[in-house]
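**Student:** Here is my input, please return the structure:
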Amino acid sequence: MTNEKIIRKKAQDIYKNLGWPSLFARLKFYFAPLVKIEALVPKKGLIVDLGCGYGLFSHYVGVAEPKRRVLGFDLDKEKVKYGDRGYPNVTCRYGDITKVEIPQADCIIFTHVLHHLTSYESQKELLLTCKDKLREGGLLIVTDVGERPLWKHFLCYLADRILYPKDKLHYRTVKEMSRLLAEIFHNVQVVPMDEGTLFPHVTFLCVRRT
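**Tutor:** Model prediction:
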């Protein structure tokens, strides 16, 4: 078993015997590029996972590198109650990510979260806050939904409509998201991550510079 598989199994086992969260912890690795995203996260420091849900990715990041301290926030009380599994360097809390006090961090992560915010304006406001909360040289990681290929975008839209029927979705094209992030951070790197998955994942990387 490779080291990556050992880490993934360890994170998944944290959710053992919990019903749906246990199944989610196994399925999520097939539908989202969690392994690729984790490889981009700094090896140490405070990592803030905004919109952490059940806390699976927060735990995966914490398990992979013990020198990381991971703090997750999510608005869904039913999900986030599974987030604190007693793992020493991972904490998940209930809170509206547009209102919580984000501590000074070395890395802030969004994984398929921004398009669920209530407006395009709230996306920009939260990203501006994140810039202020990142330390000099800190990294912002945004993984969201691209518009191509169209069939993958449609599948993702369908999944969002089924799983989050009350949400108004605010997708941005890759060009629109790149433009917004470049406006705020003055730098952006775009990393396509849809290969081998059903959804058009795209990751945007921005470094905080003075």
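**Student:** ok now the helix or strand that D132 is a member of, how far from the chain's centre?
**Tutor:** Using DSSP states H and E, D132 falls within helix 120-133. Mean-position distance between helix 120-133 and its chain equals 15 Å (C-alpha atoms, centre = their mean, to the nearest Å).
**Student:** Which strands and helices lie in contact with it?
**Tutor:** strand 45-50, strand 105-111, strand 134-145, helix 174-185 (3 or more C-beta pairs under 8 Å, 6 or more residues apart in numbering; DSSP states H and E). C-betas here are computed from N, CA, C, even on glycine.
**Student:** Any idea how far apart the tips of stretch 5-19 sit?
**Tutor:** 22 Å (C-alpha to C-alpha, to the nearest Å).
**Student:** Show me the contact partners of that stretch.
**Tutor:** Stretch 5-19 is contacted from outside by 1, 21-22, 24-26, 29, 35, 54, 56, 59-60, 63-64, 82, 85, 87, using C-beta atoms under 8 Å, 6 or more residues apart in numbering.
**Student:** Okay, buried residues for that stretch please.
**Tutor:** 7-8, 11-12, 14-15 (16 or more other C-beta atoms under 10 Å).
**Student:** where do the helices sit along the chain?
**Tutor:** Along the chain, counting by DSSP state H, helices occupy 3-13, 20-31, 34-38, 56-64, 77-80, 120-133, 150-163, 174-185.
**Student:** so what secondary structure elements neighbour the second one?
**Tutor:** So the one you mean is helix 20-31. Going by 3+ C-beta pairs under 8 Å, 6+ apart, helix 20-31 lies up against helix 3-13, helix 56-64.
**Student:** and that helix with helix 3-13, angle?
**Tutor:** 150 degrees (axes from the mean of the first three to the mean of the last three C-alpha atoms, to 10 degrees).
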